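In: My questions concern the predicted model and sequence given below.
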Amino acid sequence: MKIKLFIVEDSLVIRSILKRMFQDESDIEVIGEASKVKDAIEGISSLNPDVVTLDVILPDGSGLDVLKKFSNSGIPFIMLSSSTTEGAQVTVDALNYGAFDYVPKINPPLGLINVREELLKKIKAAYLAKGKIRVKPCLECLPFKKPVVKVEKRIANKAVAIIASTGAPPQIRKIVSELDSNFDASLIIVQHMPIGFTKVFAESLNTVCPFPISEAEEGQSLFVNAGIVAKGGFHLRIKSDKSIYLDGKTEAYFGLRPAGDMTLETLAPVFREKLLVIIMTGMGSDGTNGAKIVKSFGGKVYVEDEASCVVFGMPGSVIRANLHDKVVSLSEIPNAIMEFVGN
């Protein structure tokens, strides 16, 4: 059976490139296309595709306007995003609304050829995840002004690291919104995102978390009652004095930079048994090699259960390697984190 694909893209040239890209794929069929919000909504409603690729910026609105109309449809959307500030903001908003994933447009239109394999992989993964329950967008999930919590400039003796990828952004927002303001540890989030996107994602988390969350900066210390998001385009490393080193020289790890494994190999020897790692939804196996190192230093490794995951790749890899201490559902993760921090 072929995957029925609908393309939403305002550029005729890019639409043509995308259609040619899929011509040789025996398991993908482009059943429709649109260049505007109105036409996209009508086309998706009438054709009921399996997967939609969605341009972030459209002539009469944004991809978010389309996504909102189908938030309860079970149809997975893959955002095609520019690296502009506006493109990054809309993409992160779309992920928070439940978009399956995104693929950055690098030097379009011809640069799309370079992300062909990534796009094909995500379309096929999205098809397999079609209809899977994800965090539903609601008023409580959207940005709001929170009480300002004074940051205690005390170096953390404990750390909690979240390693995540496909389907995780709205889940991470839910988790951090349920953490206590008295968080006697440092929170480190490695979400697979490129340069520009991680800053917007960190700002998004900062609106719902009871303590400050920011994009990681060179030389920044790991404080209690504070969280950081690994910066896109760099591997996040931790020095022995618990300060941050942004590694832009080491090559992408299995195509990823930041990669969770790279962070865990430096976090583990610093925090040892006072480190908790949560491996969440995502394709591939990032976190498995790092989990082995964490375990060797006495740290704990929890994985998100299959029922909660949009894609069970990363947690499943850790389980198959028998490197996990506990399997937790999405709803259990905040309490699991606070129990570790409080003990």
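Out: Now that the structure is in, tell me what you want to look at.

In: distance of the residue nearest in space to the middle of the chain from residue 171?
Out: In the chain, the centroid-proximal residue (Cα atoms, centre = their mean) is residue 165; its distance is 4.1 Å. Noted for residue 165: a distance of 11 Å to residue 171, by Cβ to Cβ, to the nearest Å. Any C-beta I mention is one placed from the backbone N, CA and C, and that applies to glycine too.

In: low-scoring pLDDT stretches of this protein, where are they?
Out: 83-85, 106-111, 132-152 (pLDDT under 70).

In: Which residue ranges make up each domain of it?
Out: 3-128, 145-342 (automatic domain parsing).

In: all helices for the stretch 51-200 of the chain, in order.
Out: 63-69, 85-96, 116-128, 169-177, 197-206 (DSSP state H, counting those that start in this stretch).

In: coming back round to it: excluding sequence neighbours, find me the nearest residue to the residue nearest to the centre of the chain.
Out: Counting by Cβ to Cβ, 6 or more residues apart in numbering, residue 165 lies nearest to residue 282, which is 2.6 Å off, once chain neighbours are set aside.

In: contacting residues for that neighbour?
Out: Residues in contact with residue 282 (Cβ atoms under 8 Å, 6 or more residues apart in numbering) are 163, 164, 165, 166, 167, 168, 192, 311, 313, 314.

In: My understanding was that the second one contacts residue 277; is that so?
Out: No: taking Cβ atoms under 8 Å as the contact criterion, residue 164 and residue 277 are not neighbours in contact, 11.1 Å apart.

In: so how far is residue 292 from the closest residue to residue 35 other than its chain neighbours?
Out: Distances taken as Cβ to Cβ, 6+ apart put residue 10 closest to residue 35, at 4.8 Å, once the chain neighbours are dropped. Using Cβ to Cβ, residue 10 is found at 46 Å from residue 292.

In: Between residue 164 and residue 277, which has more neighbouring residues?
Out: residue 277 (31 against 26; other Cβ atoms under 10 Å).

In: SS state for that one?
Out: Here residue 277 is strand, with the state taken from DSSP: H, G, I helix; E, B strand; the rest coil.

In: Give me the distance between it and residue 195.
Out: 25 Å.

In: now do residue 341
Out: 31 Å.

In: between the two, who's got more neighbours?
Out: Ranked by neighbour count (other Cβ under 10 Å), residue 341 and residue 195 place residue 341 first, with 22 against 15.
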